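Trainee: Dropping a prediction and its sequence here:
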Amino acid sequence: METVTKAVRDTVGALTGSQTDSKPQQQSAGVAKSKITKNDWILLTGASGFVAGHVLVALLKAGYKVKCTVRSNEKATKIRSLYRQYASALDFVIVKDIAETGAFDEAVKGVTGVIHTASPFVMENTGDNRKTLLEPAIQGTLNILNSIKTYNPDVSRVVVTSSFASVLDLSKGDWVGHTYTERDWNPVTYDEAAFADGAFAYCASKSLAEKAAWNFVKDPSHGNFSLATICPPMVYGPVDTETMSLSALNTSTADIYRLMNGSEKKVPNTLFYAWVDVRDVAMAHVRALEAAPKPNGVEDRFLTTPGVFSYKEICEIIARRFPHLVEAGLTPDPKEADEVPPHYNVDGSKSVLELQLAYKSLETSMVDTVESLLKLEKQEGKAQANVTV
């Protein structure tokens, strides 16, 4: 279960809420695109999350207007202050509890596309997985789909942020020789997850919520929209130094920071091998939003990953590009790391072929991440005395 716990800690989720007012435009025939067009209003749930924040930037840069759901007015104010140049292209709705019936009824009005990233992220054993994880994840997804069905027939495309946790078969461990693709599913059941530990239940919540979404759209009465799901594994990438603090890093960024702040004296064993850069995940959401739906109910499911990695590789990159961190004892020496054991592989080629993604390399992602964290240290005055940036 240590494997699952580590995987969950580094699989990024999102947060919350906002408002809108535009009409959908028709796409000319002939091009394999959805009915979504630039300048349309798009609903983005959980807009203050790590992944969602990058999705927001990608949408705005692509020319869309974005209605954001967040959990508080404070979060809405913060986002507005960061993107003043897009003031006329931003709107907000407060959604405090995504599992509450009707939570998205107002939010879905006036948009032509929806990107749903909001989902609970709870790893601790709470004693009631159904209440803290399973129902919020499943009902949060069904709530937004039901709201679209009931209150906005103009929505033509919905993209749901799922996870590699919904692909991974935890019972197989490292599953040497297997290559995970979109065709794989986490087979855990609701009853198994209800009384499991928090990490296992989190993985189950992602799988069960995604399955609920696919079952919903298979019903002929579900509405006029098509569905795509994005399944990212460990999501790394640079932090926004204007909004992030070292004391409140998202879990996957904290996973890298521990490899450069002296917390780890030895390269830790890698317990979860698939990864992706957050900027590529964001682009995957936008491209999936714009993509034409598959015919005859074929699932538009995308495993978004360039491949596998190890902590040894990450430490090798840090040692090569930021040698002072190793010399200062802040990054474990990769020369002393254990050999990486055989493990499963992953195949994200469908996302390359159909979404035209060009994945960033592990080195690019890690260099950008470390540089952003060093900048954050400097801003907060926490850089080590013997470390120069």
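Mentor: Good, I have the coordinates.

Trainee: and the residue lying closest to residue 50 once chain neighbours are set aside, what is it in contact with?
Mentor: With sequence-adjacent residues excluded and distances taken as CB to CB, 6 or more residues apart in numbering, residue 50 is closest to residue 250, at 4.2 Å. For the C-beta atoms, the positions are set from N, CA and C on the backbone; glycine is no exception. By CB atoms under 8 Å, 6 or more residues apart in numbering, the residues touching residue 250 are 12, 49-50, 239, 244.

Trainee: Could I get these in TSV, plus columns for distance to residue 277 and neighbour count?
Mentor: Output for the contacts of residue 250, formatted as TSV (distance: CB to CB, whole Å; neighbours: other CB atoms under 10 Å):
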residue	distance to residue 277	neighbour count
12	12	26
49	16	24
50	12	26
239	13	23
244	16	19
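
Trainee: Dump these to a markdown table, plus pLDDT, secondary structure and distance to residue 263.
Mentor: Shown next, in a markdown table, are the contacts of residue 250 (pLDDT from 0 to 100; DSSP: H, G, I helix; E, B strand; the rest coil; distance: CB to CB, whole Å):
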| residue | pLDDT | secondary structure | distance to residue 263 |
| --- | --- | --- | --- |
| 12 | 30 | coil | 20 |
| 49 | 91 | coil | 24 |
| 50 | 93 | helix | 20 |
| 239 | 92 | coil | 17 |
| 244 | 86 | coil | 18 |
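
Trainee: any idea which of these is closest to residue 204?
Mentor: residue 12 (17.5 Å; CB to CB).

Trainee: Quick one, grab the pLDDT at the nearest residue to residue 224 once chain neighbours are set aside.
Mentor: The spatial neighbour of residue 224 that comes closest, neighbours along the chain excluded (CB to CB, 6+ apart), is residue 153 at 5.5 Å. pLDDT for residue 153: 94.

Trainee: Residue 153 contacts residue 223, correct?
Mentor: Yes. Using CB atoms under 8 Å, residue 153 is in contact with residue 223, at 6.6 Å.

Trainee: between these two, which one's more packed in?
Mentor: residue 223 (19 against 11; other CB atoms under 10 Å).

Trainee: the helices in the stretch 51-200 of the chain, which residues?
Mentor: When assigned using DSSP state H, counting those that start in this stretch, the helices of the stretch 51-200 of the chain occupy the ranges 73-82, 129, 135-151, 190-194, 198-218.

Trainee: can you tell me which of the ones you listed the model trusts least?
Mentor: Here the lowest mean pLDDT among the helices of the stretch 51-200 of the chain goes to helix 129, at a mean of 85.

Trainee: tell me how far that one is from the chain's mean position?
Mentor: Chain-centre distance of helix 129: 21 Å, with CA atoms, centre = their mean, to the nearest Å.

Trainee: now for that helix, which elements pack on it?
Mentor: Helices and strands touching helix 129, as assessed by 3 or more CB pairs under 8 Å, 6 or more residues apart in numbering; DSSP states H and E, comprise helix 198-218.

Trainee: show me what contacts the nearest residue to residue 175 once chain neighbours are set aside?
Mentor: Distances taken as CB to CB, 6+ apart place residue 344 nearest to residue 175, at 4.4 Å, with adjacent residues excluded. By CB under 8 Å, 6+ apart, the contact list for residue 344 reads 172, 174-180, 273, 308.

Trainee: and the helices of the stretch 51-200 of the chain as CSV, adding distance to residue 159 and mean neighbour count?
Mentor: Formatted as CSV, these follow (distance: least, CB to CB, whole Å; neighbours: other CB atoms under 10 Å):
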stretch, distance to residue 159, mean neighbour count
helix 73-82, 20, 15
helix 129, 26, 23
helix 135-151, 11, 22
helix 190-194, 24, 15
helix 198-218, 10, 22
